[in-house]
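Colleague: have a look; sequence and predicted model below, questions after that.
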Amino acid sequence: MTPSKAEHFPETIPDRFHCKNKGIKDAVYQMDKLLTERNVPHINGPDLIKKATDTYHTGMFPTGGIHWNWLGSTVEAAAVVEKLRLMTHIPFPQIQFTFTMGEPKNVDYDSDRDLLNMSLLRDGIISYKVPHVQFLNPVYQGKPITLAVVGGSFTWYMNRIFLENKLFTEINEYYYFNQYEKFTSFDQKIKWSDEIDLAPLLKSDIIILEENSAVLVSDHGKKFYEKIMGKK
């Protein structure tokens, strides 16, 4: 489960929207409880990010972005890898990192300023600092591992952290289960299609389904289950 910026900064929502200013909604913890009772391996990302905010003494969402910053996505990526290491006994190295605070990079689709870019707001209008993450990891030395990720826009950043740390030799991304992308490096997309290719997903060593706390039972999750059930 990935977090929602609105839940982490409810105080920034204007009063005219009449939202409940309460932070993480109860449904997140209810889903966590249901998955735990059914022994479904999962990460409670909203709660994890809430605790990380206190641990690292900085926000996990940038002022000018709608998605988590690189520190927030790194914290969740590290938790996913640790969960996989314990479940599968694959000798994944822990994601180790440091970070420094600085100005956001003005790069298209970067999470540190994706909202500003989408709004066509330029530099100088809003000034803020973001964490810049540096990884300290040893390179994974085990057998090649392929990963399939079914999810939305939050997975873009986590997948690139996996690739930068060379934890997976191939990542097949099913973006909202409407389009399919294949990556083998941080900046190299080797396949893209509006047609869903199930073969790489069914052959993957590991499959991750991402649900955002804003919509805990998503359309792409339903599509994923329907396709898998149809293949049984």
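Modeller: That came through fine.
Colleague: other SSEs contacting the biggest helix by length in the chain?
Modeller: In the chain, assigned by DSSP state H, the helix with the most residues is helix 70-88. When contacts are defined as 3 or more CB pairs under 8 Å, 6 or more residues apart in numbering; DSSP states H and E, helix 70-88 packs onto helix 45-56, strand 97-102, strand 130-135, helix 155-164, strand 206-209. Every residue, glycine included, has its C-beta placed from N, CA and C.
Colleague: just the CA atoms of that helix, as CSV, please.
Modeller: Only the C-alpha atoms of helix 70-88 are listed here, as CSV (Å, rounded to 0.1, in the frame of the first residue of the first chain):
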residue,chain,number,x,y,z
TRP,A,70,13.0,10.1,-3.4
LEU,A,71,13.5,9.6,0.4
GLY,A,72,10.0,8.4,0.8
SER,A,73,10.1,6.0,-2.1
THR,A,74,13.5,4.7,-0.9
VAL,A,75,12.1,4.0,2.6
GLU,A,76,9.3,1.9,1.0
ALA,A,77,11.6,0.2,-1.5
ALA,A,78,13.9,-0.8,1.3
ALA,A,79,11.0,-2.2,3.3
VAL,A,80,9.8,-4.2,0.2
VAL,A,81,13.3,-5.7,-0.3
GLU,A,82,13.6,-6.6,3.4
LYS,A,83,10.2,-8.3,3.2
LEU,A,84,11.2,-10.3,0.1
ARG,A,85,14.5,-11.2,1.7
LEU,A,86,12.8,-12.7,4.7
MET,A,87,10.1,-14.4,2.7
THR,A,88,12.1,-15.9,-0.2
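Colleague: that helix: which residues count as buried?
Modeller: Within helix 70-88, the residues that count as buried by 16 or more other CB atoms under 10 Å are 70-81, 84.
Colleague: one more: stretch 13-29?
Modeller: Within stretch 13-29, the residues scored as buried using 16+ other CB under 10 Å are 24-25, 28.
Colleague: which residues of this protein fall in helices?
Modeller: Applying DSSP H to the chain gives helices spanning 5-8, 26-37, 45-56, 70-88, 114-118, 155-164, 198-203, 219-230.
Colleague: re the thing from before, reformat the buried residues of stretch 13-29 as CSV; add distance to residue 63 and pLDDT.
Modeller: CSV is the format used below for the buried residues of stretch 13-29 (distance: CB to CB, whole Å; pLDDT from 0 to 100):
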residue, distance to residue 63, pLDDT
24, 20, 86
25, 23, 87
28, 24, 93
